[in-house]
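Colleague: From the sequence below, what's the structure:
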Amino acid sequence: MPLQRDEAVTVLTAFHDLLERADREGTAAFERAFHKPPPGVGVHEIDLDHVLTRVSREELKILGYTEAQMLGHPVWEFIVMQEASQRSIDQKLKGKKDLRPFARTFRRANGQAVPMLLMDRHLVDKEGRVVGIRTALTETKLLE
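Modeller: Have a look, this model is predicted:
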């Protein structure tokens, strides 16, 4: 069932925090957390080229794609307003746009549009350079 915006923000924030803690614990802990999100919460990671490098089973379930259909593809291929998404992602990767909760409409594998609330966090290398974005998302009732 889709969540209200405030409820979704709370759930997505908590899940991002859990992933960051698990990442500090090591690969095995991170993989467990990545693939065991709260029900209805998907997560994916993209690189500097906007290409999906990791996607959770829950996101695959929500959108109806297989991992092979998503990995290696630009994330905006799965979003209704592709050009706006490309620009926004570019700005975020370059540090020119704040990372705050936002709404985006995704396209399911069956062609159905689904409104989602997304929350991004930067992925950084050991030198602190942004190397990608991790996005947690969930269906939402209210687009803002």
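
Colleague: Might you report the residue contacts of residue 45?
Modeller: With contact set as C-beta atoms under 8 Å, 6 or more residues apart in numbering, residue 45 has these partners: 52, 53, 54, 55, 123, 132, 133, 134, 135. All C-beta atoms are positioned from the backbone trio N, CA, C, and that covers glycine.

Colleague: Tell me how far it lies from residue 71.
Modeller: 10 Å (C-beta to C-beta, to the nearest Å).

Colleague: ok, and for stretch 106-120, which residues are buried?
Modeller: Residues 106, 107, 114, 116, 117, 118, 119, 120 are the ones in stretch 106-120 that count as buried (16 or more other C-beta atoms under 10 Å).

Colleague: Kindly report the same for stretch 36-47.
Modeller: By 16+ other C-beta under 10 Å, the buried positions in stretch 36-47 come out as 37, 40, 41, 42, 43, 44, 45, 46.

Colleague: Closest one to residue 9 out of these, please.
Modeller: Closest to residue 9 out of those is residue 41 (11.8 Å), distances taken as C-beta to C-beta.

Colleague: Secondary structure element holding the residue nearest to that closest one when sequence neighbours are not counted?
Modeller: Spatial nearest neighbour of residue 41, chain neighbours left out: residue 138 (4.9 Å); criterion: C-beta to C-beta, 6 or more residues apart in numbering. If you go by DSSP states H and E, residue 138 is part of strand 130-139.
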